[in-house]
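Chemist: Okay, structure incoming, though there's no sequence with it:
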Ligand SMILES: [Zn+2]
């Protein structure tokens, strides 16, 4: 019998500092502190969703409560390490402030901090989305942070450090976790697909990594979806269908019509995309992204750029690229106000042609 499917973010959650993807500055500092057994009592991990805040906090918790001693390489096999990995450690108290705001027992829990740990070295409070604690809970937290008992560690995580009171901030070591890079996410996606023995197209994984926009959790959840959509394989065509993406070739064609200043071809092509049921909002976004790619190729470096982008970049001025990009971004903002997506996209393209810096009246093509 096959094992029940476990979501990838959970199955591949790192259990050691070495397994962490990205965040090398933070892990290095934590490793040094652990190996020197020089530990502060309050830590605050900040960063956007899905970049590893609570994962790092749990690894840190294992490091200080592992039964084989405090170190940056917890054994992973003692009862405490296993309990922490399974979310069952009695001395690791995990709270999600987002779901407990203003609840009185949050304050009670924090006021219990003075009691000794039940079986481990430290009693650890891991409070996620700490900025959402109620005022009374913050006061209870502050009271403990001001005169922390030896046996207490606070691991706080937040996506919004601006909302954490300065009095709390100033008593914690703060670590700012970065969004993960495209390469970091892609590397992990490939590793997972290879380990699982699933079939994939690399370009499809690249699109998933892009979609993650710096968040490993978001990328992995999309990977889960695509694996089940593609029945065990992850292909470009499936991702395109799932996300309502417009084919790269179509965007290149549209850009070519713009560069040719061929209004009729632009309008016909939008009609065609619309008939095919393509996501026109996405098409406009992709077009802006293409202008960005062409600009980079023109101004900075065109090595590693695909031939179709090189060809476009030879036909358009830097000024026009800036103008087109600007109009595309604004067109996107106005799209919800347009009578229809199609009209919004058409007007945006026509605006590009109208304000084209190299426009000459005699060259303009008229709509029939
Ligand atoms: Zn251990």
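Modeler: That came in fine, so what should we check first? Everything quoted here is computed from the prediction, not taken from an experiment.
Chemist: now do the same end-to-end measure for stretch 64-74.
Modeler: 8 Å (CA to CA, to the nearest Å).
Chemist: average pLDDT across that stretch?
Modeler: Average pLDDT, stretch 64-74: 96.
Chemist: That one: which residues count as buried?
Modeler: Buried residues in stretch 64-74, counted by 16 or more other CB atoms under 10 Å: 64-66, 70, 72, 74. C-beta coordinates here come from the backbone N, C-alpha and C atoms, glycine included.
Chemist: for that stretch, the distance to its chain's centre please.
Modeler: Distance of stretch 64-74 from its chain centroid, counting by CA atoms, centre = their mean, to the nearest Å, is 30 Å.
Chemist: can that stretch be found next to the ion?
Modeler: Yes - using CB under 5 Å from the ion, we find that stretch 64-74 touches the ion at 66, 74.
Chemist: Dump the buried residues of stretch 64-74 into a markdown table; add secondary structure as well.
Modeler: Shown next, in a markdown table, are these (DSSP: H, G, I helix; E, B strand; the rest coil):
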| residue | secondary structure |
| --- | --- |
| 64 | helix |
| 65 | helix |
| 66 | coil |
| 70 | coil |
| 72 | coil |
| 74 | coil |
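Chemist: which one of those residues is nearest residue 356?
Modeler: The closest of the buried residues of stretch 64-74 to residue 356 turns out to be residue 72 (CB to CB; 58.9 Å).
Chemist: you'd agree that closest one is up against residue 28?
Modeler: No - Residue 72 is beyond contact range of residue 28, at 9.8 Å (criterion: CB atoms under 8 Å).
Chemist: Could you list the low-pLDDT ranges of the stretch 101-250 of the chain?
Modeler: The stretch 101-250 of the chain contains residues with pLDDT under 70 at 101-105.
Chemist: now the residue of it found nearest the ion, what's its secondary structure?
Modeler: Closest contact between the stretch 101-250 of the chain and the ion, by CB to the ion, is at residue 120 (10.3 Å). Secondary structure state of residue 120, per three-state DSSP, is coil.
Chemist: For the protein, what lies in contact range of the ion?
Modeler: So far as CB under 5 Å from the ion goes, the chain lies against the ion at 66, 74-75, 78, 81.
Chemist: Farthest-apart pair in the residues you listed, please.
Modeler: Most distant of the residues of the chain next to the ion, by CB to CB, are 74 and 78, 8.1 Å apart.
Chemist: Which stretches in the stretch 251-368 of the chain count as helices?
Modeler: With DSSP state H, counting those that start in this stretch as the criterion, the stretch 251-368 of the chain has helices at 263-275, 280-299, 307-313, 318-334, 341-355.
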